[in-house]
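**Student:** With the sequence up front, the predicted model follows.
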Amino acid sequence: MVSIDVIQEKIRVVRGEKVMLDCDLARLYGVETKRLNEQVKRNSGRFPERFMFQLTQDEFDILRSQFATSSWGGTRKPPFAFTEHGALMVSTVLNSAQAISMSIYIIEAFVKMRSLVMSHAEILKRLDELEKNVGRHDRSLAQIINAIRQLMPTTEMPKKKIGF
């Protein structure tokens, strides 16, 4: 089995959403990317826009440049990106034992990442409170707070309604 940390490395932020690409999901679920996408297309009603979307050519080019892949190898078509709910839905359309067991690890990885983001938000909230209480004469404390803020990630999860 694959560890949650390995799965977390496959989660990317695209358009402000935490997503997994079709090729990464296919590897984890033990199928070819082509087969995964075929099943998704056959079951398109299970994948509304908030569950998956296709990367634009610009997003795909940026992604390719980040991984330094050659322009002649691999996929030439922009991949599909699946949100947490889309990644779970993929396991239902693949209907294999490996897909079902792997979906549990994938969901746990998304949950772990969400809790990390929340803990960062809590730290930022406490820093705000501390900063409000800093006196005029305590510039060194203010400098420490600013240094900590610069180390904190700036991406926040967009708040979206989930469900019906």
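**Tutor:** Here it is on my side, so go on.
**Student:** Check what pLDDT Gln66 gets.
**Tutor:** Note for Gln66: predicted pLDDT of 66.
**Student:** what does Asp58 give?
**Tutor:** pLDDT recorded at Asp58 is 88.
**Student:** distance of it from Val19?
**Tutor:** Asp58 sits 16 Å away from Val19, going by CB to CB, to the nearest Å. (Each C-beta comes from the backbone N, C-alpha and C, glycine too.)
**Student:** the more surrounded of the two?
**Tutor:** Neighbours per residue, other CB atoms under 10 Å: of Asp58 and Val19, the larger number sits with Val19, 27 against 9.
**Student:** Make sure I have this right: that one is in a strand.
**Tutor:** Yes. Counting by DSSP: H, G, I helix; E, B strand; the rest coil, Val19 is found in a strand.
**Student:** mind listing what it touches?
**Tutor:** 11-13, 81-83, 86 (CB atoms under 8 Å, 6 or more residues apart in numbering).
**Student:** buried subset of these?
**Tutor:** Neighbour-count burial (16 or more other CB atoms under 10 Å) applied to the contacts of Val19 gives 11, 81-83, 86.
**Student:** Mind picking the two most distant members of the contacts of Val19?
**Tutor:** Greatest spatial distance among the contacts of Val19 (CB to CB): Val13 and Gly86, at 14.9 Å.
**Student:** how about the longest helix along the chain: buried residues?
**Tutor:** Longest among the helix segments of the chain by residue count, using DSSP state H, is helix 97-132. Buried residues in helix 97-132, counted by 16+ other CB under 10 Å: 99, 102-103, 106-107, 109-110, 113, 127.
**Student:** for that helix, packing partners?
**Tutor:** The contact analysis (3 or more CB pairs under 8 Å, 6 or more residues apart in numbering; DSSP states H and E) places helix 97-132 against helix 4-10, strand 17-21, helix 22-29, helix 84-94, helix 139-151.
**Student:** CSV for these, including distance to Ser119 and mean pLDDT?
**Tutor:** Shown next, in CSV, are the helices and strands packed on helix 97-132 (distance: least, CB to CB, whole Å; pLDDT from 0 to 100):
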stretch, distance to Ser119, mean pLDDT
helix 4-10, 15, 80
strand 17-21, 15, 90
helix 22-29, 25, 90
helix 84-94, 18, 87
helix 139-151, 14, 70
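**Student:** Who is the residue nearest the centre of the chain paired with across the strands?
**Tutor:** By CA atoms, centre = their mean, the chain has its centre lying nearest to Lys18, at 2.5 Å. Beta-bridge partners recorded for Lys18 (DSSP bridges): Val13.
**Student:** Many thanks, we can stop here.
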